[in-house]
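Asks: Sequence first, then the predicted structure, then my questions.
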Amino acid sequence: MKFPAIRSAEELADLVEEIGFLPFFRGEIGGFSVEECTPRELWFTDEEGPWEWKGPVIRRTGSAYGKFYAGKAMYIARRFFPAFANFRRDGYDYDARVDEGLARRRDLAVMQALSEAPSLLSKELKRRACASEESRKRFDSTLTFLQMQGYVVISDFEYAADRFGKPYGWGLARYATPEAAFGERFRAEAYAETPAQSYAKLEGYLQTLLPQAGLTQIGRLLAGK
């Protein structure tokens, strides 16, 4: 499938809704990224472009956004994310992972902080979760790991505003668990089938969406490698 050229947040939101999966940066599957669908002149200008569209696209589509693909960002439509998270989590919700001794100690403080609030801006999450210099140094890699496992998503981006109310600078990510971001139905949807069933369903869909990709490439996409 050849994806259309994207020139606005609305067009990007429509594409995410239509195809379900879309990495932000180019990867090994050609033509399958926001970067490749968007004219270069929209990336670093005074006009809004893909960097500024992230929050509006998340809000408009209700999609999941986060570092899901080789430690890099990807949009995943709401309808696909329960199966995606089920596979990445290997069928464990986070409490079960802790009970089974499968959770890393360095991740516990982040998950605890997110369990106590519907969502947190990155700077507030870091303040609450990092009690030592070592944990602060590892904060970004810890967040990436939890996103890759399907336990954390970015639910929005927020910007500082100047005295005229115009946003400026880089947006601050707002983090949440999928359970908080997507509501009570998410848990039942995520664990309605086995991780193997979730994988097979997503693999079949991506084969149809990306005929130019081989099974190995699709497998790496789903595994996040």
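Replies: Ah, there it is.

Asks: what sits against the residue nearest the centre of the chain?
Replies: A centroid search over the chain (CA atoms, centre = their mean) returns Gly66, at 2.1 Å, as the residue closest to the centre. Each residue near Gly66 by CB atoms under 8 Å, 6 or more residues apart in numbering is listed here: 73-74, 147, 152-154. C-beta: built from backbone N, CA, C; applies to glycine.

Asks: Wasn't it part of a helix?
Replies: No - assigned with DSSP: H, G, I helix; E, B strand; the rest coil, Gly66 falls outside any helix and is strand.

Asks: Nearest residue to it in space, ignoring adjacent ones along the chain?
Replies: Closest residue to Gly66 apart from its sequence neighbours, by CB to CB, 6 or more residues apart in numbering: Gln147 at 4.0 Å.

Asks: Am I right that the one you found is in contact with Val153?
Replies: Yes - taking CB atoms under 8 Å as the definition, Gln147 is a contact partner of Val153 at 6.9 Å.

Asks: More neighbours: which of the two?
Replies: Neighbour tally, Gln147 and Val153, criterion other CB atoms under 10 Å: the higher count belongs to Val153, 28 against 23.

Asks: where does the more buried one fall, phi/psi-wise?
Replies: Phi and psi for Val153, reported as degrees, to the nearest 10, are phi -130, psi 160.

Asks: Gly55 too?
Replies: Gly55 adopts backbone torsions of phi -60, psi -50, taken as degrees, to the nearest 10.

Asks: who's Tyr69 bridged to?
Replies: Assessed by DSSP bridges, Tyr69 has beta-bridge partners Lys72.

Asks: what's the helix ranked longest in the chain packed up against?
Replies: Longest helix of the chain, by residue count under DSSP state H: helix 195-209. For helix 195-209, the packing partners by 3 or more CB pairs under 8 Å, 6 or more residues apart in numbering; DSSP states H and E come out as helix 81-89, helix 215-223.

Asks: quick one on the thing from earlier: give the contact list for the residue nearest to Gly66.
Replies: For Gln147, the contacting residues are 66-68, 153-154, by CB under 8 Å, 6+ apart.

Asks: at 10 Å instead, please
Replies: If you count contacts by CB atoms under 10 Å, 6 or more residues apart in numbering, Gln147 has them with 64-68, 71, 73-74, 88, 153-154, 175, 224.

Asks: One more: Leu222?
Replies: 21, 68-69, 83-84, 87-88, 198-199, 202-203, 206.

Asks: The same query, at a cut-off of 7 Å, please.
Replies: 87, 199, 202-203 (CB atoms under 7 Å, 6 or more residues apart in numbering).

Asks: most surrounded residue in those?
Replies: Phe87 leads the contacts of Leu222 on contacts (other CB under 10 Å) with 24 neighbours.

Asks: State the distance from that residue to Phe80.
Replies: 11 Å (CB to CB, to the nearest Å).

Asks: quick one on the thing from earlier: what angle do whichever strand or helix holds the residue nearest to Gly66 and strand 64-69 make?
Replies: Using DSSP states H and E, Gln147 sits in helix 139-148. Between the axes of helix 139-148 and strand 64-69, defined by axes from the mean of the first three to the mean of the last three CA atoms, to 10 degrees, the angle is 100 degrees.
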